[in-house]
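*Asks:* Give me a model of this one.
(one chain, ligands or ions: 1)
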Amino acid sequence: MARVSSGLKGTTPVHVVSLGCARNEVDSEELAGRLAAGGFTLVSDPDAAAAIVVNTCGFIDAAKKDSIDTLLDASDHKGNGTTRAVIAVGCLAERYGAELAASLPEADAVLGFDDYPDIAERLDWILAGGHHEAHTPRDRRSLLPVTPVARPAGAVGLSVPGHGHANLPVGLAPASGPRVLRHRLGGGATASLKIASGCDRRCAFCAIPAFRGSYLSRPVAEVVAEARWLVETGVREVVLVSENSSAYGKDLGTNLERLLAGLAKVDGLDWIRVSYLQPAEVRPTLLDAMLSLEGVLPYFDLPFQHASAAVLRRMRRFGDADSFLELLERIRTVRPEAGVRSNVIVGFPGETEEDVNVLADFLAAARLDAVGVFGYSDEEGTEGATLDRKLTDDVISDRVDRLATLCDEASAQRAEQRTGERVRVLVEGSTDDGAPLGRAAHQGPETDGSTTISGVGDLLAPGVMVWGNVSATDGVDLVVELEGQ
Ligand code: SF4
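*Replies:* Residues are numbered from 1 along each chain as shown. Now for the predicted structure:
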């Protein structure tokens, strides 16, 4: 097919909007890196952009709706005389392809993951008035060998978001070491760092593996090189993201323990935070590494999803309330101050009142720092959608309310127990009153609450790390007195 060119590449401003999770944020920065390498200029003002790229989320209905609304809002900019195209990329675009393109004419193109390596060419073509035929979605698990160790070779030539490498022009990445295909969109002292993508598990409620594909790890050297590059851009904390971090390395003959040991040696990297650990996969060696390696935070993101063994089996997951409490005990015996966050799903098909009581008892006993409570909804193509004994929306919403209230109280109590605790805080900004505002080590970005440093005026700039003592709490938020004041 003949390609036309806008003739403007090299000067064309493009704006990228990132929705959904931290993994998507990393993909957005990879796309931005590819666009910058392809000669586009990234701009923060959508009204100054010739093209707006919306990196969508397709996880659950609420996220899908948010993505569609954002695409429609982006389309409104097309009346401004500058913006000429709105492009949908990301999970929703990958998952629905041609169907999304047909139902949403406001988007000028819907691009799938296979388009990512050529994103600059695609945008150039679309801006020149070319029509991009959206893809027909397929199960991306079929693209990689079933045997994990055969995957690195099988992935050559395959487009997997977050696994792109290229020879970038000097200036976009450091001259030494592997070059990083990433352009930071936000800045700040914290950055997500993708260690793997896809998932080999079959949780009955989850559609992610079908559109993100089988599990594929990034090599240790590549992840460490990207961490070094991030530090050079001013980062002090990395959040390791993937669909399942405890499975890291299974396709490369390595593991998360070794990756953490490599990252712990990166000069200038103060905090290494791990996200998405499968509770049943937290082995003793991993626990040791996370509790003892310098720089690796004693922070455990453990999506328990439920605590009733019957519901967990039906979800095709492992564990039960007792094994989860034992795991928490093992963590807190070594590091009593460790942070623990989790997610739970209520209203899964077949969930009884007794199952909810088991979950409620577990949540009351677990002393979690933060919990996301989600109501179950059927996702197309998942086993859960085919199960019997579905609950009504009213029952699900009542159970969400009950558990969310319980979790709010339990997390506030956990925060109160930290009164007097010595904590290290990363300053990220300031309150309306000008007091430094940041996060303590047990607080992950965006979801786990914040920490205000009292009595120092506006003396601490974003990016600074300080020690202090917790003097008060408000829900999960802390107030800290600076040490030595
Ligand atoms: S571990 Fe389960 S919930 Fe997480 S991405 Fe894989 S299938 Fe989905």
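*Asks:* C-alpha from now on. contacts and neighbour counts both.
*Replies:* Fine.
*Asks:* Enumerate the residues of this protein near the ligand.
*Replies:* Cys199, Arg201, Arg202, Cys203, Cys206, Ile208, Pro209, Glu243, Asn244 (C-alpha under 6 Å from any ligand atom).
*Asks:* Swap in 5 Å and give it another go.
*Replies:* Proximity of the chain to the ligand (C-alpha under 5 Å from any ligand atom) is limited to residues Cys199, Arg201, Arg202, Cys203, Cys206, Glu243.
*Asks:* out of these, who has the most neighbours?
*Replies:* The residue in the residues of the chain next to the ligand with the most neighbours, by other C-alpha atoms under 10 Å, is Glu243 (24 neighbours).
*Asks:* Show me where the stretch 1-150 of the chain has its helices.
*Replies:* In the stretch 1-150 of the chain, the helices defined using DSSP state H, counting those that start in this stretch lie at 22-37, 61-76, 91-103, 119-127.
*Asks:* Select, out of the ones you listed, the one closest to Ser450.
*Replies:* helix 22-37 (18.0 Å; C-alpha to C-alpha).
*Asks:* Run the chain-centre distance for the closest one.
*Replies:* Counting by C-alpha atoms, centre = their mean, to the nearest Å, helix 22-37 is centred 13 Å from the centre of its parent chain.
*Asks:* Which strands or helices does that helix pack on?
*Replies:* Under the contact criterion of 3 or more C-alpha pairs under 8 Å, 6 or more residues apart in numbering; DSSP states H and E, helix 22-37 touches strand 13-18, strand 41-42, helix 119-127, strand 190-194.
*Asks:* Quick check: the closest residue to Leu460 other than its chain neighbours vs Arg418, distance?
*Replies:* Spatial nearest neighbour of Leu460, excluding adjacent residues (C-alpha to C-alpha, 6 or more residues apart in numbering): Pro436 at 6.1 Å. Distance, Pro436 to Arg418, by C-alpha to C-alpha, to the nearest Å: 19 Å.
*Asks:* Tell me which of those two has more neighbours.
*Replies:* More crowded of Pro436 and Arg418, by other C-alpha under 10 Å: Pro436, with 25 against 17.
*Asks:* isn't the more buried one right up against Thr452?
*Replies:* Yes - with contact defined as C-alpha atoms under 8 Å, Pro436 reaches Thr452; the gap is 5.9 Å.
*Asks:* Packing partners of the helix or strand where Glu226 lies?
*Replies:* Under the criterion of DSSP states H and E, Glu226 resides in helix 220-232. The contact analysis (3+ C-alpha pairs under 8 Å, 6+ apart) places helix 220-232 against strand 190-194, helix 256-264.
*Asks:* out of the ones you listed, deepest packed?
*Replies:* strand 190-194 (a mean of 24; mean count of other C-alpha atoms under 10 Å).
*Asks:* Need the contact partners of the helix or strand just after that strand.
*Replies:* Going down the chain from strand 190-194, the next helix or strand is strand 196-197, by DSSP H and E. Residues from elsewhere that reach strand 196-197 (C-alpha atoms under 8 Å, 6 or more residues apart in numbering): 160-162, 212-218, 241-245, 248.
*Asks:* Partner strands of strand 196-197, with direction?
*Replies:* Using DSSP bridges, strand 196-197 pairs in its sheet with strand 216-217 (antiparallel).
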